[in-house]
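Engineer: Could you work out the structure for the sequence below:
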Amino acid sequence: MIEFVIKGEFIELVKLLKAASLASSGGEAKLMVEDGIAQVNGEAEMRKRRKLRPGDVVEIMGNQITVVAASGEETIDDVEPE
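Structural biologist: Sure, this is the predicted structure:
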């Protein structure tokens, strides 16, 4: 399992695949998603620009990537209701 740290609120699926070196280019990442080999949180994902947030789990070609927030980043789960 790979933990991929993001600094912002989200990362798009194709950008994650490229940044995690699972695709050598953005074009290859798009084809991988279009071919239906990516799963997000256990379900097939065909949207190339799917926004991944901390806690999401991506599975592709035998690799599992968990998206985590950078230290000091506040996520939706960290916010207490008013």
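Engineer: I'd say Ala19 and Phe4 touch.
Structural biologist: Yes - between Ala19 and Phe4 there is a contact under C-beta atoms under 8 Å: 7.3 Å. Where C-beta positions appear, they are placed from N, C-alpha and C, glycine not excepted.
Engineer: Give me the common contacts of the two.
Structural biologist: In terms of C-beta atoms under 8 Å, 6 or more residues apart in numbering, Ala19 and Phe4 are both contacted by the residues Ile11.
Engineer: now the chain, which segments are flagged as low pLDDT?
Structural biologist: For the chain, the stretches with pLDDT under 70 are 72-82.
Engineer: got the contact list for Glu9?
Structural biologist: The contact partners of Glu9, by C-beta under 8 Å, 6+ apart, come to Arg53.
Engineer: give me phi/psi at it?
Structural biologist: The phi and psi values for Glu9, taken as degrees, to the nearest 10, are phi -70, psi -30.
Engineer: before we move on, what about Ser21?
Structural biologist: When read as degrees, to the nearest 10, the backbone of Ser21 gives phi 60, psi 30.
Engineer: Relative to the longest strand along the chain, what are the paired strands and their orientations?
Structural biologist: When the chain is parsed with DSSP state E, its longest strand is strand 63-69. The pairing partners recorded for strand 63-69 under DSSP bridges are strand 2-6 (parallel), strand 57-60 (antiparallel).
Engineer: which residues make contact with the first one from outside it?
Structural biologist: Which is strand 2-6. Residues from elsewhere that reach strand 2-6, judged by C-beta under 8 Å, 6+ apart: 11, 16, 19-20, 52, 54, 63-70, 73.
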